[in-house]
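**Student:** The following comprises the amino acid sequence and a computationally predicted model.
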Amino acid sequence: MTTVRPDAASGVATAVEQVAVDAANTATVGLYFVREHVQQCLPTVLQARSQLQRTAAAAADSCYAANHSREFGHTMRHALPASLHRLEASLRDASWAATEIARRRKEQQSAGASSPLRSWVPHRLKGLWAGSGASDGSNSMYEP
């Protein structure tokens with residue numbers, strides 16, 4: 001039979017216990033460092049995520065505005081020449097009317113007649129311009 005010395009048995013037990021404690025704590029220490037790393041980095045990651053979301057929303061808004069600006073430019077490129085043509089025609093007509101009124105006024109003044117606008121301006125508008133409001137009860141739009 002073999003005899004076991006008490007010192008050797010307690011030394012082996014202590015060594016086995018130490019190995020078991022180290023093995024048990026190794027994962028825990030690793031998880032502790034992981035948890036600490038997450039706690040330190042998580043606020044920065046969340047801040048970067050929210051900034052990325054805001055930037056993505058701003059980029060989407062800018063794309064939306066750019067698309068509508070492009071569509072507006074396309075529409076204006078096709079509609080503007082016609083509008084400018086109508087505007088030019090209106091200005092030409094207004095210029096002709098002003099010239100015609102000036103010519104008639106000059107003819108009537110030289111003939112000693114009253115204002116040429118009497119036949120051109122509606123009676124109600126004359127009353128509004130004069131401040132009377134055309135409240136004379138007349139139904140006629142133009143002066144007789």
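**Tutor:** Noted; the coordinates are in hand.
**Student:** all helices of the protein, in order?
**Tutor:** Along the chain, the stretches classed as helices by DSSP state H are 6-111, 123-130.
**Student:** deepest of these, which one?
**Tutor:** helix 123-130 (a mean of 14; mean count of other C-beta atoms under 10 Å). C-beta coordinates here come from the backbone N, C-alpha and C atoms, glycine included.
**Student:** Lowest mean pLDDT among the helices and strands of the protein, which one is it?
**Tutor:** One helix or strand of the chain scores below all others by mean pLDDT, DSSP states H and E: helix 123-130, with a mean of 54.
**Student:** what bits of this protein have low per-residue confidence?
**Tutor:** For the chain, applying pLDDT under 70 flags the ranges 1-9, 25, 27-29, 112-144.
**Student:** at 80 what do you get?
**Tutor:** 1-13, 20-32, 79, 109-144 (pLDDT under 80).
**Student:** Quick one: residues in contact with stretch 17-31.
**Tutor:** Around stretch 17-31, nothing counts as a contact under C-beta atoms under 8 Å, 6 or more residues apart in numbering.
**Student:** please redo it, this time with the cut-off set to 10 Å
**Tutor:** residue 32 (C-beta atoms under 10 Å, 6 or more residues apart in numbering).
**Student:** Restricting to C-alpha, output that stretch in PDB.
**Tutor:** The C-alpha coordinates for stretch 17-31 follow below in PDB (Å, rounded to 0.1, in the frame of the first residue of the first chain):
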ATOM      1  CA  GLU A  17      -8.700  24.600  -6.400                       C
ATOM      2  CA  GLN A  18      -6.600  27.400  -7.800                       C
ATOM      3  CA  VAL A  19      -6.900  26.100 -11.300                       C
ATOM      4  CA  ALA A  20     -10.700  25.800 -10.900                       C
ATOM      5  CA  VAL A  21     -11.000  29.300  -9.600                       C
ATOM      6  CA  ASP A  22      -8.800  30.700 -12.400                       C
ATOM      7  CA  ALA A  23     -10.800  28.800 -15.000                       C
ATOM      8  CA  ALA A  24     -14.100  30.100 -13.500                       C
ATOM      9  CA  ASN A  25     -12.800  33.600 -13.300                       C
ATOM     10  CA  THR A  26     -11.200  33.800 -16.700                       C
ATOM     11  CA  ALA A  27     -14.600  34.000 -18.600                       C
ATOM     12  CA  THR A  28     -15.900  36.400 -16.000                       C
ATOM     13  CA  VAL A  29     -12.900  38.700 -16.300                       C
ATOM     14  CA  GLY A  30     -13.300  38.600 -20.100                       C
ATOM     15  CA  LEU A  31     -17.000  39.400 -19.800                       C
END
